[in-house]
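Enquirer: sequence-free structure coming up:
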């Protein structure tokens, strides 16, 4: 059996630890006998990088733009919001509720080369796209070497 090497990421470990702590205080409940039918949930996020920026794609199906908030404070990007549970038929009995509902918060530490003033967010088709510009002075520059 081959074992692949992966780069150690202290930020990823810190985020995993934070998520475990949050789950301990807000355990996920699948009990359909609860009056509200709500359970804790965390939206999935993809993070990528190119030469000019960092990009986050956050899956937020069935959430209205007004119910999503993006903030930056002290080098931390925070995405919060709520997916509301609505009973379409007040007489229906639910036997299983697997989709998560309720409030969520995701926080990400910005890298040192991120420009917190250069952040754009767009929301379409249930996906929140966030683009964080990199500082100009942190981008690699090619310097011409003259030969005498």
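Expert: Nice, I can see it. Values in this document were obtained by computation on a predicted structure and should not be read as measured data. Numbering: from 1, shown residues only.
Enquirer: contacts and neighbour counts: CA atoms only from here.
Expert: OK.
Enquirer: Mind jotting down where the helices sit in this protein?
Expert: Listed in chain order, the helices of the chain (DSSP state H) span residues 10-25.
Enquirer: Remind me what the lengthiest strand in the chain packs against, helices and strands.
Expert: Of all the segments assigned as strand in the chain under DSSP state E, the longest by residue count is strand 114-124. When contacts are defined as 3 or more C-alpha pairs under 8 Å, 6 or more residues apart in numbering; DSSP states H and E, strand 114-124 sits against strand 127-134.
Enquirer: got a list of contacts for the strand it packs on?
Expert: The contact list for strand 127-134, computed with C-alpha atoms under 8 Å, 6 or more residues apart in numbering, reads 52-61, 113-116, 118-123.
Enquirer: Swap in 7 Å and give it another go.
Expert: Applying C-alpha atoms under 7 Å, 6 or more residues apart in numbering, the set of residues contacting strand 127-134 from outside is 52-60, 113-115, 118-123.
Enquirer: Now which of these would you call buried?
Expert: Those of those that meet the buried threshold are 53-60, 113-115, 119, 123, by 16 or more other C-alpha atoms under 10 Å.
Enquirer: Number of residues surrounding residue 81?
Expert: 19 (other C-alpha atoms under 10 Å).
Enquirer: Now do the end-to-end distance for stretch 103-118.
Expert: In stretch 103-118, first residue to last residue: 27 Å (C-alpha to C-alpha, to the nearest Å).
Enquirer: Number the residues from 29 up from this point.
Expert: Sure, I'll start counting at 29 from here, so that last one is stretch 131-146.
Enquirer: returning to that earlier point: what is the nearest of the buried ones among the contacts of strand 155-162 to residue 175?
Expert: Looking at the buried ones among the contacts of strand 155-162 and their distance to residue 175, the nearest is residue 141, at 32.5 Å (C-alpha to C-alpha).
Enquirer: Got phi/psi on the closest one?
Expert: When quoted as degrees, to the nearest 10, the phi and psi of residue 141 stand at phi -90, psi 10.
Enquirer: Surely it is in contact with residue 163?
Expert: Yes - between residue 141 and residue 163 there is a contact at 5.5 Å, judged by C-alpha atoms under 7 Å.
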